[in-house]
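[1] I'll drop the sequence and a predicted model, then ask my questions.
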Amino acid sequence: MFPHSVPLRSATRQRLARRLRPCLAILLALPVALAGCGLASGHAAGELGANQTLLATCPKGVKVASKVDIDVSGSDRTAALDAQRLSAVEDQARRTAVCGGHLQVTAFSATSAATVVLYDGEIALAGATDNARLRQVPAAVSQVMTAVSQAYGTKIATLTPGGSDIAGQYRLAAEYLAQLGSGYRLTLVLLTDGFQTAGFTIGDTPLDTGAAEALAAKVTVPKLPGASITVAGIGQAAGQPPSSAVVSGVVAFYNALCHRTGAAQCLSVTDYTSTGR
């Protein structure tokens, strides 16, 4: 009690409590209201908003079949996944979790048989509403990234670093999609410098667009109608960087190869750019 204060009578205290009770209720409800408006926990609200935007881009009526293949041949092998490749895997894990579907992450080298699986699983989040499911996305993505990072160093040690069969990954992608059955749409991301050595060689000399397309026409690839195919990391080889003419020819080759599969979207680039964030 403060000095010189006058004690309140019981009736007065009760009247004051009744008057303050509605104000107290408003104050207690304020954090919940702010959270509902996205004003509480800025990071969580921002991530939820980004995932809501990504949800709007998901294919309708089908689940996604995401596949990320990481080249670990001699020119591309690293002790741990670098930032760009981690970003690509995380990006596809998030999209799979948001849209619902299956994710497979592999590492490959000299032949299509020289492939190891780093992650393979269906990602289906439970929840009565979209937002309830989307709030589970960060935890699901974290689990995928932990599994991939832990498997990477151990499993790539079983693959020979010599040679690279990038074209062979298209056949494996078709097999992956067939195993999942109907109701899935393929997103294939190949993380590679693009320098093919198994069966034929590309990347050692410059190719103009015509020559690149002619070479692609000789390569057997499966039909992947409706698929989205990205080849990222082209030209990013260890040691002396290739000339821009060499990189342009490799890009033209993979664009032509993608078009031969009948894919809906084809992108061949030097740097992977994360989407949906």
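    That came through fine. Numbering: from 1, shown residues only.
[2] which outside residues touch stretch 114-126?
    With contact meaning CB atoms under 8 Å, 6 or more residues apart in numbering, stretch 114-126 is reached by 69-70, 93, 96-97, 100-108, 133-134, 136-137, 140, 144, 147-148, 151-152, 155-156, 158-160, 165, 169, 172. Quick note: C-beta positions are derived from backbone N, CA and C, even for glycine.
[3] with stretch 241-248 instead?
    G203, D204, T205, P206, L207, I234, G235, T270.
[4] against which helices or strands is whichever helix or strand I70 is part of packed?
    In this structure, I70 sits in strand 63-71 according to DSSP states H and E. When contacts are defined as 3 or more CB pairs under 8 Å, 6 or more residues apart in numbering; DSSP states H and E, strand 63-71 sits against helix 83-99, strand 101-108, helix 168-180, strand 184-191.
[5] would you list these in CSV and tack on distance to V62 and mean neighbour count?
    Formatted as CSV, these follow (distance: least, CB to CB, whole Å; neighbours: other CB atoms under 10 Å):
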stretch, distance to V62, mean neighbour count
helix 83-99, 9, 22
strand 101-108, 8, 24
helix 168-180, 11, 19
strand 184-191, 5, 23
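[6] can you list those in CSV and add distance to N255 and mean pLDDT?
    Conversion of those to CSV gives the following (distance: least, CB to CB, whole Å; pLDDT from 0 to 100):
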stretch, distance to N255, mean pLDDT
helix 83-99, 19, 96
strand 101-108, 21, 97
helix 168-180, 13, 97
strand 184-191, 13, 97
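[7] just send the ones you listed back as a markdown table, with distance to K223 too.
    What follows is these, written out as a markdown table (distance: least, CB to CB, whole Å):
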| stretch | distance to K223 |
| --- | --- |
| helix 83-99 | 22 |
| strand 101-108 | 20 |
| helix 168-180 | 8 |
| strand 184-191 | 11 |
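[8] out of those, which gets nearest to G74?
    Proximity of these to G74 was assessed by CB to CB; the nearest stretch is strand 101-108, lying at 12.8 Å.
[9] C-alpha coordinates for the closest one, PDB please?
    What follows is the C-alpha trace of strand 101-108 in PDB, where atoms were taken according to Å, rounded to 0.1, in the frame of the first residue of the first chain:
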ATOM      1  CA  GLY A 101       3.700 -35.200 -53.000                       C
ATOM      2  CA  HIS A 102       6.900 -37.200 -53.200                       C
ATOM      3  CA  LEU A 103      10.500 -36.100 -53.000                       C
ATOM      4  CA  GLN A 104      13.600 -38.000 -54.100                       C
ATOM      5  CA  VAL A 105      17.100 -36.700 -53.800                       C
ATOM      6  CA  THR A 106      20.000 -38.600 -55.300                       C
ATOM      7  CA  ALA A 107      23.700 -38.300 -56.100                       C
ATOM      8  CA  PHE A 108      25.200 -39.700 -59.300                       C
END
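[10] thank you, goodbye.
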